[in-house]
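Visitor: fold the following, please.
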Amino acid sequence: MINQFYLYFYLNQEDVTERIRHLNTNSAQPGINQESLKSLEILLPKKEIMDQFGDIAEKAVSLILKNSIENKNLAELRDSLLPRLMSGKIRVKK
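Guide: Numbering: from 1, shown residues only. Down below sits the predicted model:
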């Protein structure tokens, strides 16, 4: 079974994305059909290596998501405090 993080990052590579786009070049209607997609070759490392990559990628993606949520919360806090600080409604003690 292919690790979902490995598959995501593999398919997200620029050259692979370009190959997927070219699968649609012979079609009259835009879109990718299953048969064309099944013809796409996917480079698979040994299961152990793929699983190790998946573990590392999962931790990194989790950290990125956590940091993104924290950045959003900090930006909201800044946006609510800054106008009050500028207007003098809130003061910072020295």
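Visitor: from now on I want contacts and neighbour counts done on CA atoms only, so please keep to that.
Guide: Noted.
Visitor: longest helix of this structure?
Guide: Ranked by number of residues, the top helix in the chain under DSSP state H is helix 47-87.
Visitor: now do that helix, average pLDDT.
Guide: Helix 47-87 shows a mean pLDDT of 96.
Visitor: cool, stretch 1-17 as well?
Guide: Per-region confidence: stretch 1-17 scores 93 on mean pLDDT.
Visitor: chain center to it, what's the gap?
Guide: Centre-to-centre, stretch 1-17 and its host chain are 11 Å apart (CA atoms, centre = their mean, to the nearest Å).
Visitor: which residues touch that stretch?
Guide: Residues lying outside stretch 1-17 but in contact with it, judged by CA atoms under 8 Å, 6 or more residues apart in numbering, are M50, D51, F53, G54, A57, E58.
Visitor: redo those residues as a markdown table? Include distance to Y6.
Guide: Supplementary listing: those in a markdown table, determined by distance: CA to CA, whole Å:
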| residue | distance to Y6 |
| --- | --- |
| M50 | 7 |
| D51 | 8 |
| F53 | 7 |
| G54 | 6 |
| A57 | 8 |
| E58 | 10 |
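Visitor: fine, thanks again, bye for now.
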